[in-house]
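> Here you go, sequence then predicted model.
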Number of protein chains: 2
Amino acid sequence: MAVYTRLGAEEMASIVDSFDVGTLVSAKGIAEGVSNSNWLIETQDTGGTLRRFILTIYESRTEVADLPFFLGLLDHLAARACPVPRTMHDRSGATHRLHNGKALALIEYLPGISVSEPTPGQARAVGAALAQIHLAAVDFPATRANSLAPADWAQLLRDCGQDGLATIHSELGPLVERELALVAERWPDDLPRGVIHADLFPDNVLMLGERVTGLIDFYFACTDLLAYDVAVTHSAWCFGGDGVRFHAELSAALLDGYESVRPLSPEERSALPLLARGAALRFLSTRAYDWLNTPADALVTPKDPMAFARRLEFYADPANAWVFAA
Amino acid sequence: MAVYTRLGAEEMASIVDSFDVGTLVSAKGIAEGVSNSNWLIETQDTGGTLRRFILTIYESRTEVADLPFFLGLLDHLAARACPVPRTMHDRSGATHRLHNGKALALIEYLPGISVSEPTPGQARAVGAALAQIHLAAVDFPATRANSLAPADWAQLLRDCGQDGLATIHSELGPLVERELALVAERWPDDLPRGVIHADLFPDNVLMLGERVTGLIDFYFACTDLLAYDVAVTHSAWCFGGDGVRFHAELSAALLDGYESVRPLSPEERSALPLLARGAALRFLSTRAYDWLNTPADALVTPKDPMAFARRLEFYADPANAWVFAA
């Protein structure tokens, strides 16, 4: 939660004027996003109509090279009636601009709130929305490699060191070693691939009741196994109490919702237990790394890696194989 | 800039439901306010009308005792057509509620942006709006002592210590000593008193072009000399480059705007140079204290006290006496 870039009102008005969206009437820095600065802005056109947008300034260089993929994807999905925000194009038709050396984009504001205690109806709707973007992106022409693939988790966890992992929890090192070896040996490469969101936590879904009004924050989107995205979303939605409590009814509803739009093949279905262990490892790896490497004076509080170690143990337990059974 | 309290969506919806303002459709934590948590929220009523509010959770105990004053004042001023946000009352008629031991209030959202490089037309409008609240609050029944009066500046600066002040700037100690003595000796007590905002920086004024759409953040409001509020606002609006550059045209416009609504008496006018030195000391005292006492890992970056030391020197220089001449 942070706004890293300071923008004067006059500067903000001039940025907004480079898009053909009316005159700036309000701008509030919003406490969302870990690595970017975001403002909720409001404009008024000559007819008096008020419109709202999210203005994002990208603080990290690495993301900028991928902006054509991320922003082009939003346009592609929005044009196919998926619940994602559209990217506003500037007066020259560009999806993003440079301002003082940083890239910025103006993105449609969508109503909705991020649930923290989802109901089965909400999990079902999220599953269906995930399948919807998987299908709608089939003809999206660009690709982007997953920068957090199994080899990257292994590297991040090696960088933590056995000592580092032990400071988080005494049993974390052996767990990680066993699971990384398993994933390296058995990770599938013959399942259907396409564009995946790769980070569809409740924070990244806007809802009104049981309706998904917006899937947001596509900054991890990439080309990878579609069923892995199902596993990521499952690990993000089906556990309460920081990974301690598995919610069977959310799990069933999420998978059912997904299959109501895109049925999983038998091969995808049988790969889900392994993909879910991978998903848990993926979040465990970045959280453990951040936990050990975030300076004490950072604006962002690191998230507890153990929440995903517990999910990993859950998915690895043969007694829980029924969760993904067809 | 911070959101200190984490609120789940369901919790937020339940809070909003305790006010009769429709159903929650959006909530974004906003990166404003130094000591409180704020969200920009949107609701929809049964007729489909969208309404927006600022939800504030008060993190500091001291402010809670003063909420009836602060929130009652907003209602009083809004009822007299001053550009201030109204306080929403809950279903039981209360201006604020307790939630998990913290007070919260729901306040009207107002359009407008905070200028960072004001024009004379904008300074004039702010002067007029300040005079407008001074007049409209004449019959406001409550009072609140100024918790940052001259004796408090002296205490804060004593707490900094001569050594502390010297680490900020080698000449700060002697300057402060001389000015505190002068203020203690000559501070007036026979000028018109009333409710003052006491912190009317550009950040606390929302504008659309040259129109003031909102005076906000009344959490320093108190009962004190009206002309002191003019001096505070003067010190906050008429200097660029962190206190180095005085803008004579902003100064003239601000005073002219104020007097277009409430003419200053000859006694107030002649007290302004001293009151302005006091205003500069007031902000110097809190900034110097925060500069020396903010932990390195704090979420809030302390503001440079020297910006107000330079203003203090400007106001103390007899060569600048013309600034406040009638």
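Received, thanks. Numbers count the residues shown, from 1 in each chain, chains lettered A, B, ... in the order given.
> Pull the contacting residues for the residue in the stretch 51-200 of chain A positioned nearest to chain B.
Using C-beta to the nearest C-beta, the single residue of the stretch 51-200 of chain A nearest to chain B is A:Ser116, 3.5 Å away. Where C-beta positions appear, they are placed from N, C-alpha and C, glycine not excepted. Listed by C-beta atoms under 8 Å, 6 or more residues apart in numbering or on different chains, the contact set of A:Ser116 reads A:202, B:8-11.
> pLDDT and secondary structure added to those residues, as JSON lines?
Below are the contacts of A:Ser116 laid out as JSON lines (pLDDT from 0 to 100; DSSP: H, G, I helix; E, B strand; the rest coil):
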{"residue": "A:Pro202", "pLDDT": "96", "secondary structure": "helix"}
{"residue": "B:Gly8", "pLDDT": "84", "secondary structure": "coil"}
{"residue": "B:Ala9", "pLDDT": "86", "secondary structure": "helix"}
{"residue": "B:Glu10", "pLDDT": "88", "secondary structure": "helix"}
{"residue": "B:Glu11", "pLDDT": "92", "secondary structure": "helix"}
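> List buried residues within those residues.
Neighbour-count burial (16 or more other C-beta atoms under 10 Å in any protein chain shown) applied to the contacts of A:Ser116 gives A:202, B:9.
> out of the contacts of A:Ser116, who's nearest A:Pro318?
Closest to A:Pro318 out of those is A:Pro202 (28.4 Å), distances taken as C-beta to C-beta.
> which residues does the closest one contact?
A:114-116, A:118, A:236-237.
> Could you tell me which of the residues you listed count as buried?
In the contacts of A:Pro202, the ones that pass as buried (16+ other C-beta under 10 Å) are A:114-115, A:118, A:236-237.
> Helices - which of the contacts of A:Pro202 land there?
A:236-237 (DSSP state H).
> Show me the longest helix that occurs in chain A.
If you go by DSSP H, chain A has its longest helix at helix A:266-293.
> Show me what whichever helix or strand comes after that helix is packed against.
Heading C-terminal from helix A:266-293, the first helix or strand you meet, by DSSP states H and E, is helix A:306-316. Judged by 3 or more C-beta pairs under 8 Å, 6 or more residues apart in numbering or on different chains; DSSP states H and E, helix A:306-316 is in contact with helix A:172-186, helix A:226-237, strand A:239-240, helix A:266-293.
> So which elements touch the longest one?
Which is helix A:266-293. helix A:150-168, helix A:172-186, helix A:226-237, helix A:306-316.
> Out of these, which is the most enclosed?
helix A:226-237 (a mean of 26; mean count of other C-beta atoms under 10 Å in any protein chain shown).
> quick one: average pLDDT of that one?
Across helix A:226-237, pLDDT averages out at 98.
> Quickly name whichever of the contacts of A:Pro202 is closest to A:Gly164.
A:Ala236 (24.6 Å).
> give me the number of residues near the residue nearest to the closest one when sequence neighbours are not counted?
Distance criterion C-beta to C-beta, 6 or more residues apart in numbering or on different chains; nearest residue to A:Ala236, sequence neighbours excluded, is A:Phe201 at 4.3 Å. Residues lying near A:Phe201 (other C-beta atoms under 10 Å in any protein chain shown) number 15.
> and A:Phe201, backbone torsions?
phi -80, psi 160 (degrees, to the nearest 10).
> And A:Phe140, by the same measure?
Torsion angles, degrees, to the nearest 10, at A:Phe140: phi -80, psi 120.
> residues contacting the closest residue to it other than its chain neighbours?
The shortest distance from A:Phe140 to any non-neighbouring residue, by C-beta to C-beta, 6+ apart, is to A:His76 (4.8 Å). A:His76 is in contact with A:136-137, A:140, counting by C-beta under 8 Å, 6+ apart.
> I'd like the residues you listed as TSV, with pLDDT, neighbour count and distance to B:Thr46 appended.
Putting those into TSV (pLDDT from 0 to 100; neighbours: other C-beta atoms under 10 Å in any protein chain shown; distance: C-beta to C-beta, whole Å) gives the following:
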residue	pLDDT	neighbour count	distance to B:Thr46
A:Ala136	98	20	34
A:Ala137	98	21	37
A:Phe140	97	19	40
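> Can you tell me which of those is nearest A:Gly72?
A:Phe140 (7.6 Å).
> what's the spacing between that closest one and A:Leu74?
Taking C-beta to C-beta, to the nearest Å as the measure, A:Phe140 and A:Leu74 are separated by 11 Å.
> can you pull the pLDDT of A:Leu180?
Reported pLDDT for A:Leu180: 97.
> The spatially most central residue of chain A - nearest residue in space that isn't next to it in sequence?
Geometric centre of chain A, nearest residue: A:Asp199, 2.5 Å, by C-alpha atoms, centre = their mean. Distance criterion C-beta to C-beta, 6+ apart; nearest residue to A:Asp199, sequence neighbours excluded, is A:Phe220 at 4.2 Å.
> Looks to me like that neighbour is in a strand.
No: looking at A:Phe220 with DSSP: H, G, I helix; E, B strand; the rest coil, it is coil, so not inside a strand.
> my guess is it meets A:Val195, correct?
No: taking C-beta atoms under 8 Å as the definition, A:Phe220 is not a contact partner of A:Val195, at 11.4 Å.
> who has more neighbours, the two?
Between A:Phe220 and A:Val195, A:Val195 has the larger neighbour count (other C-beta under 10 Å), namely 25 against 19.
> Give the helix, strand or coil label for the more buried one.
strand.
> how about it, what does it touch?
So A:Val195 contacts A:73, A:133-134, A:137, A:140, A:221-223 (C-beta under 8 Å, 6+ apart).
> Swap in 6 Å and give it another go.
A:137, A:140 (C-beta atoms under 6 Å, 6 or more residues apart in numbering or on different chains).
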